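Student: quick one, structure for this:
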Amino acid sequence: MNAPASQQPLIASPEHGEWLRSQAVDLLHFAQGCIVPGRGAGWVTNDGGLDLSRGVHTWITCRMAHSYSIGTLLGVPGAREIATDAISALLGPLHDDTHGGWYASIPAVPDSPEGFDNTKAAYAHAFVVLAGTSGVRAGIEGADRLLELALEVLETRFFDAESGLHVDEWNADWSDLSDYRGVNANMHAVEALLAAGDVTGDAKYHERALGIARIVALEWAAKHSWRIPEHFDSDWTPLLEFNADRKDDQFKPYGATVGHGIEWARLLLHLDATFGTGTHPWLVDSARELYARAVTDGWRLSSHRVSGFVYTTDWSGEPVVETRMHWVAAEALASAAALFTATGDTIYAEDYERWLEHVQQYFMDSELGSWHHELDSANQPAAEVWPGKPDIYHALGALLVPLVPLSPSLASDLSRSPL
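Tutor: Just a heads-up that it's a prediction; the model follows:
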């Protein structure tokens, strides 16, 4: 898919831009049945149906609220109604009206004993903030109230001013805080805080996101050859062997997570654009390093003689879990596009085409729609870690990031300059 040297890179061509937009619309059409009436967004199956046995998760409902708010800004018919239903559920059954905050999940069928998890996780609460910001930009009913509530909880329950980071998980009534600390929740908090600062106009959120990024990039990643320690104890001491007995965990896998190195690279570039290009030179420098390390470690030829991004590596860069996740490939696309936008370096445009060819060949499901969420090491659809196609958040971002300027918020970009 590489263009001849005399031609503009594929990523910069108007025709490719039109294709990206059409693919984004197709994704939104695929998952349009995601709402469990009155409950939130359910777990989407391979054919676009719902697996009600998995309950209704706050993080999925938030991602769908965000995605269909973006769909509203793209002018996709029916998107506003889906975003409204998702935000209504976040203000309704998914919200803990007694203690505040949001449950991790609720049953898809009211009064069912299956699927209820009343823990309060920073990961999910960061997505509530993101859903609120995107909903506000799209003019979705209830989004202003949702954002107000979510920012208050993130501030009072999860942000630790002493460390400058977010703690991870509380019990239902906020009386017991887990000793575990994690980077994944803080990564998505950076995404949410970037959007919150943009939507509210309060610069403290951008400063907070910058502080988190500085710790992760300069204090942790740089000291580990640009592999990011993911797991910590309550004193923020790295737990490099955490989950050694459960290496392919959905949210807390063992070792270095390749996709997170790539995703952090992109977030640093959004921060650079937010504060003014070059104001903090370490942001672009660190983005290059994180991306390079993740690609060097993660893009591998398997024993089946096919290439793909492995899920995790050990601390020397050797693969641990070779399963290929769609979100990693999606972030590779988005980050290569962001690096090309930020630096103009054609190597990132070439990478973009390489990742796109991989996604088109293996991840895009031309028969049923959306993207396969997981492939095995032979690049065949698998379901060991991620059965079904639970949501469209990562894939949608990968398709739209190349079309807009680097900024704090994708939704804000689209609200100002619809595609």
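
Student: which residues of the protein fall in helices?
Tutor: Here the chain has its helices, by DSSP state H, at 14-30, 58-73, 79-91, 122-138, 143-153, 183-200, 203-214, 258-275, 282-298, 326-343, 346-358, 393-400, 410-416.

Student: show me what the second one packs onto, helices and strands only.
Tutor: Right, helix 58-73. helix 14-30, strand 40-41, helix 79-91, helix 122-138, helix 393-400, helix 410-416 (3 or more CB pairs under 8 Å, 6 or more residues apart in numbering; DSSP states H and E). In this view, the C-beta of every residue, glycine as well, is placed from N, C-alpha and C.

Student: the last one packs against which elements?
Tutor: Just to be clear, that refers to helix 410-416. Counting by 3+ CB pairs under 8 Å, 6+ apart, the packing neighbours recorded for helix 410-416 are helix 58-73, helix 122-138, helix 183-200, helix 393-400.

Student: adding mean neighbour count, write the helices and strands packed on helix 58-73 out as TSV.
Tutor: Listed next are the helices and strands packed on helix 58-73 as TSV, based on neighbours: other CB atoms under 10 Å:
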stretch	mean neighbour count
helix 14-30	17
strand 40-41	30
helix 79-91	24
helix 122-138	28
helix 393-400	24
helix 410-416	21
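
Student: how about a markdown table for the helices and strands packed on helix 410-416, with distance to residue 346 and mean pLDDT added?
Tutor: Formatted as a markdown table, those follow (distance: least, CB to CB, whole Å; pLDDT from 0 to 100):
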| stretch | distance to residue 346 | mean pLDDT |
| --- | --- | --- |
| helix 58-73 | 29 | 98 |
| helix 122-138 | 32 | 98 |
| helix 183-200 | 27 | 98 |
| helix 393-400 | 20 | 98 |
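
Student: for those, which one sits closest to residue 20?
Tutor: Evaluated with CB to CB, the helices and strands packed on helix 410-416 place helix 393-400 nearest to residue 20, the distance being 4.8 Å.

Student: and for the closest one, what are the contacting residues?
Tutor: By CB atoms under 8 Å, 6 or more residues apart in numbering, the residues outside helix 393-400 that reach it are 20-21, 23-24, 27-28, 63-64, 66-67, 70, 326-327, 329-331, 333-334, 359, 370-371, 410, 414, 419.

Student: so for residue 366, which of the helices and strands packed on helix 410-416 sits nearest?
Tutor: Of the helices and strands packed on helix 410-416, nearest to residue 366 by CB to CB is helix 393-400, at 14.0 Å.

Student: make a markdown table out of the helices and strands packed on helix 410-416 and add distance to residue 9.
Tutor: Below are these laid out as a markdown table (distance: least, CB to CB, whole Å):
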| stretch | distance to residue 9 |
| --- | --- |
| helix 58-73 | 25 |
| helix 122-138 | 29 |
| helix 183-200 | 26 |
| helix 393-400 | 17 |
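
Student: tell me which of those helices lies nearest to residue 270.
Tutor: Nearest to residue 270, of all those, is helix 183-200, at 5.7 Å by CB to CB.

Student: in the closest one, what's buried?
Tutor: 183-200 (16 or more other CB atoms under 10 Å).

Student: which residues does stretch 272-289 contact?
Tutor: So stretch 272-289 is in contact with 194, 197-198, 206, 210, 213-214, 217-218, 221-222, 226, 264-266, 268-269, 271, 335, 338-339, 342-343, 405-408, going by CB under 8 Å, 6+ apart.

Student: PyMOL command for the buried members of the residues you listed?
Tutor: Applying 16+ other CB under 10 Å to the contacts of stretch 272-289, the buried members can be selected in PyMOL as follows:
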select buried, resi 194+197+198+206+210+213+214+217+221+222+226+264+265+266+268+269+271+335+338+339+342+406+407+408
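
Student: shaky segments in the stretch 251-400 of the chain?
Tutor: Applying pLDDT under 70 to the stretch 251-400 of the chain flags no residue at all.

Student: residues near residue 385, how many?
Tutor: When neighbours are counted by other CB atoms under 10 Å, residue 385 registers 15.

Student: and what of residue 173?
Tutor: The tally of other residues near residue 173 (other CB under 10 Å) stands at 13.

Student: so it makes contact with residue 99?
Tutor: Yes. Contact between residue 173 and residue 99 holds when scored by CB atoms under 8 Å: they sit 4.8 Å apart.

Student: which among the helices of the chain is found nearest to residue 240?
Tutor: helix 183-200 (12.4 Å).

Student: got the angle between the closest one and helix 258-275?
Tutor: Helix 183-200 and helix 258-275 are oriented at 30 degrees to each other (axes from the mean of the first three to the mean of the last three CA atoms, to 10 degrees).

Student: residue 112: which of the helices and strands packed on helix 410-416 is closest?
Tutor: Distance to residue 112, taken as CB to CB, is lowest for helix 58-73 among the helices and strands packed on helix 410-416, at 16.9 Å.

Student: how is the chain carved up into domains?
Tutor: The record's domain parsing of the chain by automatic domain parsing lists 33-178, 239-419.

Student: so which of those domains is nearest residue 10?
Tutor: Short answer: domain 239-419, nearest of the domains of the chain by CB to CB, at 5.3 Å.

Student: how long is that closest one end to end?
Tutor: 44 Å (CA to CA, to the nearest Å).

Student: run the chain-centre distance for that domain.
Tutor: Taking CA atoms, centre = their mean, to the nearest Å, one finds the center of domain 239-419 at 9 Å from the center of the full chain.

Student: what's near enough to touch the residue nearest to residue 109 when sequence neighbours are not counted?
Tutor: Closest residue in space to residue 109, ignoring its immediate chain neighbours: residue 52 at 6.6 Å, by CB to CB, 6 or more residues apart in numbering. Residue 52 sits next to 36, 42, 43, 108, 109 when contact means CB under 8 Å, 6+ apart.

Student: and these, which two are furthest apart?
Tutor: Farthest pair in those (CB to CB) is 43 and 109. Separation: 13.4 Å.

Student: residues in contact with residue 132?
Tutor: Neighbouring residues of residue 132 by CB under 8 Å, 6+ apart: 87, 143, 144, 146, 147, 148, 150, 151.

Student: cool, thanks, talk later.
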